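K.L.:
sequence first, then the predicted structure:
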There are 2 protein chains.
Amino acid sequence: MAGQIFVISGPSGAGKSTVIRLVMEGVGDLGYSISHTTRAPRENEVDGADYHFVDRDTFQTMIRKGDLLEWAEVYGDLYGTSFSSIRAQVDRGMDIIMDVDVQGARNIRQGLKECVLLFLLPPSLEVLEERLRARATDSEEALRNRLQKALQEIRECMGYDYLVFNGDLSEAVEAVRSIVLSERHRADRQTSRVKKAFRID
Amino acid sequence: MAGQIFVISGPSGAGKSTVIRLVMEGVGDLGYSISHTTRAPRENEVDGADYHFVDRDTFQTMIRKGDLLEWAEVYGDLYGTSFSSIRAQVDRGMDIIMDVDVQGARNIRQGLKECVLLFLLPPSLEVLEERLRARATDSEEALRNRLQKALQEIRECMGYDYLVFNGDLSEAVEAVRSIVLSERHRADRQTSRVKKAFRID
C-alpha cells in the first residue's frame, strides 16, 4: 500500500510546527518530507535521511524542470522540496506530513491529486491577534499587516479537505492524528488487503 | 452543525457490537440510533431515550410510508429504525452510530447520502472460521453455510467508505474512533464556524 501525503497549512500563529511534531511522536510510519539542499552536510547528517545533498547545478536543473514544489535561498544555500522525492517516500509506503503555505498546497494538489489537505486555524480573530502580538517585536503597523496576511490565508482554507481549530493543543493534535489514522482505512487503500485476506479475485 | 451518521456493517464474527460499545465509551456526542417499538416500556425505560414507544397502528403506518429503514417482529412485538427519527437526532447535532446489515446500509446511503459507511472485517478467512466455529452449536454443514454468508457479505465491503480489520480489538476501536473524529473536521462541517470566528462573509 502506497503512503499518503498530508499537507498542513495555516497562518503564522496557528501552531503548525508544534502540532506536527506532537502528531509525529504519536503515530507510527509517519515521516516528514526530506528536502533538497546545496549546503554541505554537517557532522552526523546523512544524505537521503536528513536532506538530499546536491550541488548547485543539480538544484538549478530541478528548478528548471519544475520538480520543486517550493524552494528558497537561505544564507547563500538553496533549499527545496522535490515532487519526485516525496513520491519516492510515499511509494515505499510511508505517510508524509508537510508544512506548506497555501500557494505550495495548491501546487501539491495539482501535482499529486491524492494528497490530503489540512488547514490549522487559531480559535478566533482575537486569539490570532494576541498570538501575533506576543511574538511581534515590530510596530503596530507591521502587526496590522501580518494580521491582514493571516486573514487572507484563512480565507483560502475553504479549498482544504479538513479544518482543525487549534484552541486547545491536545485537541488539535488528536484531530490531526485521527485524520492521519482514518485515511489509512479508506476503502481504496484497503481493497488489496481484503482480497488477499479472503482470497477474493 | 448537524451530526453525522456512521453505519457499521460486517459479517457475524467481525466484532461489531464490542467495537461500537468501546468507541461510544470513548467519544463524546456520539449516540446510538433510537429504535421504534410496539412493546410496552419497561420500568425505568424513557420514551424517546430508550425507544420511541408507539402503538401497532402507528408502526404499520410507518412501514406503509416507507419510513422504516429496517424492521422485524420479535415475540409479537415490532421493532424498527426510522429515517425521520435518525434525521431528528442528527439535526440536534448528534453523531449517530448504527449497526446495520449490508442491505440496510444500501437503504441508508440512498436515503441519507451524507452518511459514512464503515465495514468491520475479521483479519482473515481462518480467523473468521475459528470465530464462527467458537460460537457455533450447529452442524458442520450449518457452519459452512454461515461461512459462505459471511464471505458474501465481505464481498459487499468494496462499496463502503472505510474498511477496518478487527484482528487486534484496541486497534480496531482506535481506527473507528479516528474515523468518527476526523469526519467532524471535514471542511464542509467547519465552514460556518470559520466564518463566525474570523467574521468572513
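P.N.:
Good, I have the coordinates.

K.L.:
can you pull the residues of chain A lying near chain B?
P.N.:
Selection of chain A residues close to chain B by C-beta under 8 Å from any C-beta of the partner chain yields A:119, A:121, A:123-125, A:128, A:151, A:154-155, A:157-165, A:174-175, A:177-179, A:181-187, A:190-191, A:193-194, A:197-200. Backbone N, C-alpha and C define where each C-beta goes, glycine included.

K.L.:
filter these down to the buried ones and hand me the ChimeraX line.
P.N.:
The ChimeraX command for the buried members of the residues of chain A next to chain B (criterion: 16 or more other C-beta atoms under 10 Å in any protein chain shown) is given here:
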select /A:119,121,125,128,154,157,160,161,162,163,164,165,174,175,177,178,179,181,182,183,184,185,186,187,190,194,197,198
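
K.L.:
restricted to helices, list the residues of chain A next to chain B.
P.N.:
Judged by DSSP state H, these include A:125, A:128, A:151, A:154-155, A:174-175, A:177-179, A:181-183, A:187, A:190-191, A:193-194, A:197-198 as members of helices.

K.L.:
can you get me a residue count around A:Gly31?
P.N.:
Other residues within reach of A:Gly31, judged by other C-beta atoms under 10 Å in any protein chain shown, total 15.

K.L.:
that one and chain B: what is the separation?
P.N.:
For A:Gly31, the distance to chain B (C-beta to the nearest C-beta, to the nearest Å) stands at 19 Å.

K.L.:
what about that residue, which SS state?
P.N.:
Using DSSP: H, G, I helix; E, B strand; the rest coil, the structure places A:Gly31 in strand.

K.L.:
same thing with the one 3 residues further on?
P.N.:
Under the three-state scheme (three-state DSSP), the conformation of A:Ile34 reads as coil.

K.L.:
burial of it, as a residue count?
P.N.:
Residues lying near A:Ile34 (other C-beta under 10 Å) number 19.

K.L.:
quick check: it touching A:Gln89?
P.N.:
Yes. A:Ile34 is within contact range of A:Gln89, at 6.9 Å (criterion: C-beta atoms under 8 Å).

K.L.:
outline the domain layout of chain A.
P.N.:
Domain segmentation of chain A under automatic domain parsing yields A:1-29+A:94-201, A:34-92.

K.L.:
can you tell me which residues contact the residue nearest the centre of chain A?
P.N.:
Residue closest to the mean C-alpha point of chain A, counted by C-alpha atoms, centre = their mean, is A:Met98 at 1.7 Å. Neighbouring residues of A:Met98 by C-beta atoms under 8 Å, 6 or more residues apart in numbering or on different chains: A:5-8, A:32-33, A:81, A:86, A:108.

K.L.:
tabulate those (CSV), appending pLDDT.
P.N.:
Below are the contacts of A:Met98 laid out as CSV (pLDDT from 0 to 100):
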residue, pLDDT
A:Ile5, 93
A:Phe6, 96
A:Val7, 93
A:Ile8, 94
A:Tyr32, 86
A:Ser33, 85
A:Thr81, 88
A:Ile86, 87
A:Ile108, 83
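
K.L.:
show me these that map onto helices.
P.N.:
A:86, A:108.

K.L.:
dump the contacts of A:Met98 to JSON lines, plus distance to B:Val23 and neighbour count.
P.N.:
Listed next are those as JSON lines, based on distance: C-beta to C-beta, whole Å; neighbours: other C-beta atoms under 10 Å in any protein chain shown:
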{"residue": "A:Ile5", "distance to B:Val23": "27", "neighbour count": "24"}
{"residue": "A:Phe6", "distance to B:Val23": "23", "neighbour count": "22"}
{"residue": "A:Val7", "distance to B:Val23": "28", "neighbour count": "27"}
{"residue": "A:Ile8", "distance to B:Val23": "26", "neighbour count": "25"}
{"residue": "A:Tyr32", "distance to B:Val23": "30", "neighbour count": "14"}
{"residue": "A:Ser33", "distance to B:Val23": "32", "neighbour count": "19"}
{"residue": "A:Thr81", "distance to B:Val23": "37", "neighbour count": "20"}
{"residue": "A:Ile86", "distance to B:Val23": "33", "neighbour count": "23"}
{"residue": "A:Ile108", "distance to B:Val23": "32", "neighbour count": "21"}
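
K.L.:
out of the contacts of A:Met98, the closest to chain B would be?
P.N.:
A:Phe6 (11.5 Å; C-beta to the nearest C-beta).

K.L.:
ok, now which ones touch the closest residue to that closest one other than its chain neighbours?
P.N.:
Leaving out its chain neighbours, the residue that sits closest to A:Phe6 by C-beta to C-beta, 6 or more residues apart in numbering or on different chains is A:Ile97, at 4.5 Å. Contact partners of A:Ile97, counting by C-beta under 8 Å, 6+ apart, are A:6, A:8, A:20, A:23-24, A:30-33, A:180.

K.L.:
so what's A:Ile97 bridging to?
P.N.:
A:Phe6, A:Tyr32 (DSSP bridges).

K.L.:
low-confidence regions, chain A specifically.
P.N.:
A:136-137 (pLDDT under 70).

K.L.:
ok, then the element right after the helix or strand hosting A:Met62?
P.N.:
Taking DSSP states H and E as the criterion, A:Met62 maps to helix A:56-64. Using DSSP H and E, the helix or strand that follows helix A:56-64 in sequence is strand A:68-74.

K.L.:
out of the domains of chain A, which is closest to B:Asn44?
P.N.:
domain A:1-29+A:94-201 (34.8 Å; C-beta to C-beta).

K.L.:
now for the closest residue in space to A:Asp47 that isn't next to it in sequence, how many residues are close by?
P.N.:
Using C-beta to C-beta, 6+ apart and skipping residues adjacent in sequence, the residue nearest A:Asp47 is A:Phe53, 5.0 Å away. Using other C-beta under 10 Å, the number of residues around A:Phe53 comes to 16.

K.L.:
so A:Phe53 touches A:Arg42, yeah?
P.N.:
No. Taking contacts as C-beta under 8 Å, A:Phe53 lies outside contact range of A:Arg42: 10.2 Å.

K.L.:
surely A:Met158 and B:Ala187 touch.
P.N.:
Yes. At 6.7 Å, A:Met158 counts as touching B:Ala187 under the criterion of C-beta under 8 Å.
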